[in-house]
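In: take a look and give me a structure for this.
(one chain, ligands or ions: 1)
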Amino acid sequence: MIELEGLTKRYGEKLAVDHLTFTVRPGVVTGFLGPNGAGKSTTMRMMLGLDRPTEGHVRIDGQRYEDLTDPLKYIGALLDAKAMHGGRSAHNHLLCLAQSNGIPASRVREVLDTVGLTSVARKKAKGFSLGMGQRLGIAGALLGDPRILMFDEPVNGLDPEGIHWIRTLMKSLASQGRTVFVSSHLMSEMALTADHLVVIGQGRLLADTTMADFIARNSRSFVRVRSPQYEQLRDALHQAGITVVEAGGGALEVDGDMAEPIGELAARHHLVLHELSPRQASLEEAFMRLTAESVEYHAHSGPAPDREWRGDLEHGKKVG
Ligand SMILES: Nc1ncnc2c1ncn2[C@@H]1O[C@H](COP(=O)(O)OP(=O)(O)OP(=O)(O)O)[C@@H](O)[C@H]1O
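Out: Below you'll find the predicted structure:
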């Protein structure tokens, strides 16, 4: 378990992390999300004792990081996959880590095997591809067989096979009862991996909840409906006082949990339906909606989404 209590980091005028209080629990994968510059890396560095908090504290299974004897046996982390001595072989890199942390050399072979690098163990790490480097970084995190694992952007630049491998690994580590804390900007991947989410913006806590609850609270649900009798259906819905949006491609959309009343209305009017599907917005939409006000660096190609942002309805035409 990782516990943060009022964790704060100030760099001069800049409040990078602003009184964060949350707990990362074992047995589930917890995703750590926030726009660029939100303070995720700073928070993770403070969790690992690499940065000193201005205020507040972190407890790793009840202890401060600096009080842990052999910290790699409590918490393993992948922060920057390139932070290694490139002139060493993968085997020697891990052996040095093991020796300085009281970990038996036999464990090096085990973790090389787990991450699939056994065949290149004697090759110099500087010749490794990005994916191999990530695997070596993860091998280092696993070396002490820790109960807590932390990964900062582990799938950055990986191919689909590498992404799938990391997702499966994280889920299996959590299912063994370990605490798994992972940051990523890839929302589609996070939606497949994490059970719980901690979201920050401009250093402050915005959400600490389950994936399902986060999406339900921060996105709209709607029903998509298609009929060969498009105009009659649209008019019948309109007459029934139901607000309809023409979504293009012959589809109509209605906000809310409306599949049943729409189906019944269509039956009463003897209208054929080709589609009647309840939809939920994606994690990406929910994330953008929640963090819209705390995004520091907007692209200049268009306005930032506002509180009234309506996902893929933005381009639809409202008729009801
Ligand atoms: N060593 C430092 N000195 C001064 N400011 C810093 C330092 N490290 C981080 N910051 C600032 O603190 C804020 C948080 O940065 P941090 O790297 O933690 O964010 P992040 O959420 O990890 O961002 P990203 O998603 O872009 O990696 C940013 O405004 C950053 O410029």
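In: can you point out the buried residues in stretch 234-251?
Out: 234, 236, 237, 242, 244, 245, 246, 247, 251 (16 or more other C-beta atoms under 10 Å). All C-beta spots, glycine's among them, are computed from the backbone N, C-alpha and C.
In: could those be laid out in a markdown table, adding pLDDT and secondary structure?
Out: Converted to a markdown table, the buried residues of stretch 234-251 look like this (pLDDT from 0 to 100; DSSP: H, G, I helix; E, B strand; the rest coil):
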| residue | pLDDT | secondary structure |
| --- | --- | --- |
| 234 | 96 | helix |
| 236 | 96 | helix |
| 237 | 96 | helix |
| 242 | 95 | coil |
| 244 | 95 | coil |
| 245 | 93 | strand |
| 246 | 94 | strand |
| 247 | 91 | strand |
| 251 | 95 | strand |
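In: which parts of this structure sit against the ligand?
Out: For the chain, the residues in contact with the ligand (C-beta under 6 Å from any ligand atom) are 11, 14, 16, 34, 36, 37, 38, 39, 40, 41, 42.
In: counting neighbours, which of those residues end up buried?
Out: 16, 34, 37, 38, 39, 40, 41, 42.
In: and residue 116, what does it touch?
Out: Neighbouring residues of residue 116 by C-beta atoms under 8 Å, 6 or more residues apart in numbering: 135, 165.
In: so it: helix, strand or coil?
Out: Of the three states, residue 116 takes coil under DSSP: H, G, I helix; E, B strand; the rest coil.
In: after the host helix or strand of residue 134, which helix or strand is next? Please name it.
Out: Per DSSP states H and E, residue 134 falls inside helix 130-142. Using DSSP H and E, the helix or strand that follows helix 130-142 in sequence is strand 148-152.
In: quick one, the next helix or strand after that following strand and helix 130-142 angle?
Out: Next helix or strand after strand 148-152 toward the C-terminus (DSSP H and E): helix 160-175. Following axes from the mean of the first three to the mean of the last three C-alpha atoms, to 10 degrees, one obtains 10 degrees for the angle between helix 160-175 and helix 130-142.
In: can you name the element that comes right after helix 160-175?
Out: strand 179-183.
In: in the next helix-or-strand element following that following strand, what counts as buried?
Out: Tracing the chain past strand 179-183, the next element assigned as helix or strand by DSSP H and E is helix 187-193. Residues of helix 187-193 classed as buried by neighbour count (16+ other C-beta under 10 Å): 187, 189, 190, 191, 193.
In: list the contacts of helix 187-193.
Out: With C-beta under 8 Å, 6+ apart, helix 187-193 has contacts from 29, 31, 33, 155, 163, 167, 170-171, 182, 184, 197, 211, 282-284, 287.
In: please enumerate the strands of this structure.
Out: Here the chain has its strands, by DSSP state E, at 2-11, 14-24, 29-33, 55-60, 75-78, 148-152, 179-183, 196-201, 204-210, 221-226, 245-248, 251-255, 275-280, 317-318.
In: contacts for the third one, please.
Out: Going back to what we said before, that points to strand 29-33. Contacts of strand 29-33 (C-beta under 8 Å, 6+ apart): 24, 40, 43-44, 170-171, 174, 179-184, 187, 190, 193-200, 211, 287, 291.
In: let's go with 6 Å and repeat that
Out: Identification of contacts with strand 29-33 by C-beta atoms under 6 Å, 6 or more residues apart in numbering yields 24, 40, 170, 174, 180-183, 190, 193-199.
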